[in-house]
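[1] Here's a sequence, model it:
(one chain, ligands or ions: 2)
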Amino acid sequence: MSKTGQSPAGATAAAADPADDAQIEFGRWLFAQPCTFLRGVARLDGLAEPDLPEIAFAGRSNCGKSSLLNALTGRRSLARISNTPGRTQQLNFFDLGGKLWLVDMPGYGYARASKTDIAAWTQTVRDYLRGRPTLRRLCVLIDGRHGIKANDKDMMEMLDAAAVGYQVVLTKIDKLSAGGLATRLDATAEALKNHPAALPDPIATSARNGDGIELLRAQIAMLAAGSPNGLKSAPESAG
Ligand SMILES: Nc1nc2c(ncn2[C@@H]2O[C@H](COP(=O)(O)OP(=O)(O)OP(=O)(O)O)[C@@H](O)[C@H]2O)c(=O)[nH]1
Ligand SMILES: [Mg+2]
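    Ligands and ions are numbered 1, 2, ... in the order given. From the prediction side, this is the model:
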């Protein structure tokens, strides 16, 4: 995986580097663990103390957060998918094999949200990001068809200011041609240079055809293991 942040020009280089076979296998193993809905919370005071490492998924309403979660865990309907934007209204916590929590966050930029809703959302997200020492990675999902929009930029600037590191994940890339994807990846990597808390290389995914899902699983598994050195022993020792 690129650690330097120096990616030569070109879409292939701009996309996150492929994981090796052992990492892919580890990711597959982790995400084959039983995954269960823990609880949904609208306010963080309803949440259990941070316990396991957490990976959270944020993004604009309808960008494909719940679908990505389902694709990662190989379940059709773990997280609720909807054509109605703004369906996921709370932070939904899922337990993956007692090893990791996955957090489906409410989408932002929902056109029909009231100012009060937006304020509440912003507060919840800020509280969550500030108060989760166990948060290992925030994935910011960007709808691959549209690229980074103004409200994505606002969100990313908030994260930059709070120094919360994040991985940008392009979704729905099955809707793009090969050329369209290359252009989107280049433009996204270029835009990320202005966001100090963003990892440099976006990951391109499709919940529909599975593109990029193994790579994302592998990256999350590595984070959950704590360090790349924990990789080989983790599946055996975890039973
Ligand atoms: N073609 C395609 N459509 C997708 C993909 N992922 C999600 N969608 C569609 O996009 C719409 C929104 O998906 P969701 O997963 O509900 O999006 P969300 O970000 O969780 O939405 P909210 O919870 O409302 O914020 C649904 O109609 C999905 O079927 C994908 O990879 N490819
Ligand atoms: Mg959702």
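[2] could you pull out the strands for this protein?
    Using DSSP state E, the strands of the chain run over 35-41, 54-59, 91-96, 100-104, 135-143, 166-171, 203-204.
[3] Sheet partners, orientation included, of the third one?
    Going back to what we said before, that points to strand 91-96. As defined by DSSP bridges, the strand partners of strand 91-96 come to strand 35-41 (antiparallel), strand 100-104 (antiparallel).
[4] any idea how far Ala161 is from Phe93?
    Taking C-beta to C-beta, to the nearest Å as the measure, Phe93 falls 25 Å from Ala161. In this view, the C-beta of every residue, glycine as well, is placed from N, C-alpha and C.
[5] Repeat that for Asp201.
    22 Å.
[6] among the strands paired with strand 91-96, which is nearest ligand 1?
    Nearest of the strands paired with strand 91-96 to ligand 1, taken as C-beta to the nearest ligand atom: strand 100-104 at 6.8 Å.
[7] Tyr128: what's it in contact with?
    By C-beta atoms under 8 Å, 6 or more residues apart in numbering, the contact list for Tyr128 reads Leu44, Ala56, Leu91, Val103, Met105.
[8] out of Phe93 and Ala161, which sits in the busier spot?
    Using other C-beta atoms under 10 Å as the criterion, Phe93 and Ala161 rank with Phe93 on top: 20 against 10.
[9] Find me the pLDDT at that one, would you?
    In this model, Phe93 is scored at 89, pLDDT.
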